[in-house]
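Q: just coords:
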C-alpha cells in the first residue's frame, strides 16, 4: 500500500469553490520521478485588495509510481478580478480536444466565461495553455451572461453533450444557455417559481434531465423537453432522528449535490444539518411514500437500501452542534466513472472525509481543520494515485494523496 501524503499550501486568498481543470498526463520520469501538473480553478476573495477573483493555480506533484516523493510546488498561473462580486459557483467543462471552459457565477446575476486551449501531449507544461483574450481585459474577467437571474446565480452546470449551460438562481428560476452563445439573449427560461424556491445547487443527470437542490430542502428533477414544473419533488431527510415533541422538523436546506458519473440515477445531497443523503431517482420516481421511506433510512437502520433514499450524519462537531456539508463529490467524478458510490465531503466544521456506504453510515475522517471551515473540495483526475484537494477559510489549500 502506498503511504498517505498530506501537504498544506498558503493561497493568500480565501477560496469558496474549487474545480480541477483537465490537463496532460505526466511525461517520462527523470531519475525515477515523474511530475503531474494538477490545474485548479478557484473562486476566491482577496482580503488585502478587497476584491473577488477567479484564480488558476498549478500544483506540481513529483511521484515515483504511486508514491509521492517530492513536496508539491504551487504556482499561480493567472488571477482575474471578478467584477460580479464573489464567485458563488464554479464549473469546468471539458469540450474535447483540449478545449476547456471555466464558468463562474456571481451574486449580481451574471456569469463569466474563460475559454482556454489546454495541451494534451503527456509531459506538457502549463505555460503552453492558451487563454481566449476576448474573455478578459487585462486583469479584469469580463461578464458573459448579464442579468440572467436578478437575485444572483446560485449554481450552474454545463452539459457538453448538449453544449448547453444550466443556471439556477436564488430567485427560483432556471435558464438554459448554449455554451457557444455570445450573450444571455440566446438563453431560454426553463422554469420560474416566482420566488417560492431558492435554488442552491444544480447538476445534469442525463442528456435531457437535471436535478436541483434548494434552501427549502427540496430536491427537484427536471426534463428539458417538458415545459412547466419539475418532474419530481423530494424532501431532504433530516440527519437528526429526534425532534422536539409536538413540533414538526423542517427539512434541512440542501447545500450541495452531485450526480454519479456513471449511474446518473444516483444523486447525493449534503444538508445544512450535517446530513448526507443518497438518492435512487429510479425508485423515487415510482414511490408514493417517500417521507416514510426517508424516515426509515437513518444510521443504524437494518433495512437494506431498497427505498429511494439513505441518510447519514457527517457534520457533528462533538459538542452537540451540527456543521453544514459544504461540498460533496462522488469518487471518479473527475475522471472515468465507476460503479463505486464512495463520496468525498467537507464541512463548515473543518472536516474532510469519505463515506463508503451511506446506508450503513460507514466511512472515515481524512482531515480535521481545528479552527476553520473547509468550504470546497474536489478529486484529482490526473496522476497514478488518488488525490483530494480542499480549500479552508484560513486561505489554505489542502492536498491529500493515497488517502482514500
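A: All right, it came through fine. Small disclaimer: the values here were computed from a predicted structure and weren't measured. Numbering: from 1, shown residues only.

Q: What is the burial count for residue 180?
A: 11 (other Cβ atoms under 10 Å). All C-beta spots, glycine's among them, are computed from the backbone N, C-alpha and C.

Q: Can you tell me the element it falls in?
A: Per DSSP states H and E, residue 180 falls between elements, in no helix or strand.

Q: Spatially nearest residue to it (excluding sequence neighbours)?
A: The shortest distance from residue 180 to any non-neighbouring residue, by Cβ to Cβ, 6 or more residues apart in numbering, is to residue 163 (6.5 Å).

Q: burial of that neighbour, as a residue count?
A: Using other Cβ under 10 Å, residue 163 has 13 neighbouring residues.

Q: Next: residue 365.
A: 10.

Q: From residue 192, how far out is the residue lying closest to it once chain neighbours are set aside?
A: Computed as Cβ to Cβ, 6+ apart, the closest residue to residue 365 that is not its neighbour in sequence is residue 353, at 4.7 Å. Taking Cβ to Cβ, to the nearest Å as the measure, residue 353 falls 37 Å from residue 192.

Q: what's the answer for residue 60, then?
A: Plainly put, residue 60 is 46 Å away from residue 192 if you go by Cβ to Cβ.

Q: so which strand or helix has the residue nearest to residue 365?
A: Assigned by DSSP H and E, residue 353 falls in strand 351-357.

Q: strand partners of that strand, parallel vs antiparallel please.
A: The pairing partners recorded for strand 351-357 under DSSP bridges are strand 343-347 (antiparallel), strand 362-368 (antiparallel).

Q: Run through who's touching the shortest one.
A: Yep, that's strand 343-347 we're talking about. 258, 268, 270, 274, 276, 278, 314-315, 323-331, 351-355, 358, 363, 373-377, 379, 388, 390, 404 (Cβ atoms under 8 Å, 6 or more residues apart in numbering).

Q: The closest residue in space to residue 60 that isn't next to it in sequence: neighbour count?
A: Nearest non-adjacent residue to residue 60, counting by Cβ to Cβ, 6+ apart: residue 73, 4.7 Å away. For residue 73, the count of nearby residues is 14 (other Cβ under 10 Å).

Q: Going forward, count from 45.
A: In the new count, where the first residue is 45, that last one comes out as residue 117.

Q: Which elements pack onto the helix or strand where residue 81 lies?
A: Using DSSP H and E, residue 81 falls within strand 78-90. In terms of contacts (3 or more Cβ pairs under 8 Å, 6 or more residues apart in numbering; DSSP states H and E), strand 78-90 is packed against strand 58-65, strand 95-108, strand 117-126, strand 131-140, strand 431-436.

Q: Direction included, what does the next helix or strand after the last one pair against?
A: Pointing back at strand 431-436 there. Next in sequence after strand 431-436, counting helices and strands by DSSP H and E, comes strand 440-445. Here strand 440-445 is paired, per DSSP bridges, with strand 49-54 (antiparallel), strand 431-436 (antiparallel).

Q: Taking strand 58-65 as reference, get the angle to strand 440-445.
A: Taking axes from the mean of the first three to the mean of the last three Cα atoms, to 10 degrees, one finds strand 440-445 and strand 58-65 inclined to each other by 40 degrees.

Q: Would you double-check that residue 328 falls in a helix?
A: Yes: assessed with DSSP: H, G, I helix; E, B strand; the rest coil, residue 328 lies in a helix.

Q: Do I have it right that it meets residue 275?
A: No: using Cβ atoms under 8 Å, residue 328 is not in contact with residue 275; the gap is 10.4 Å.

Q: For residue 397 and residue 236, indicate the residue with more neighbours.
A: Relative neighbour count places residue 397 above the other of residue 397 and residue 236, with 20 against 15, counting by other Cβ under 10 Å.

Q: Roughly how far does that one sit from residue 298?
A: The spacing between residue 397 and residue 298, counted by Cβ to Cβ, is 19 Å.

Q: just residue 45 next, same as before
A: Distance of residue 45 to residue 298, given as Cβ to Cβ: 36 Å.

Q: and the two? which has more neighbours close in?
A: residue 298 (28 against 5).

Q: For residue 67, see how far away that one is.
A: According to Cβ to Cβ, residue 298 stands 31 Å off from residue 67.

Q: now do residue 55
A: Counting by Cβ to Cβ - residue 55 and residue 67 are separated by 19 Å.

Q: One more: residue 95?
A: Distance, residue 95 to residue 67, by Cβ to Cβ: 27 Å.
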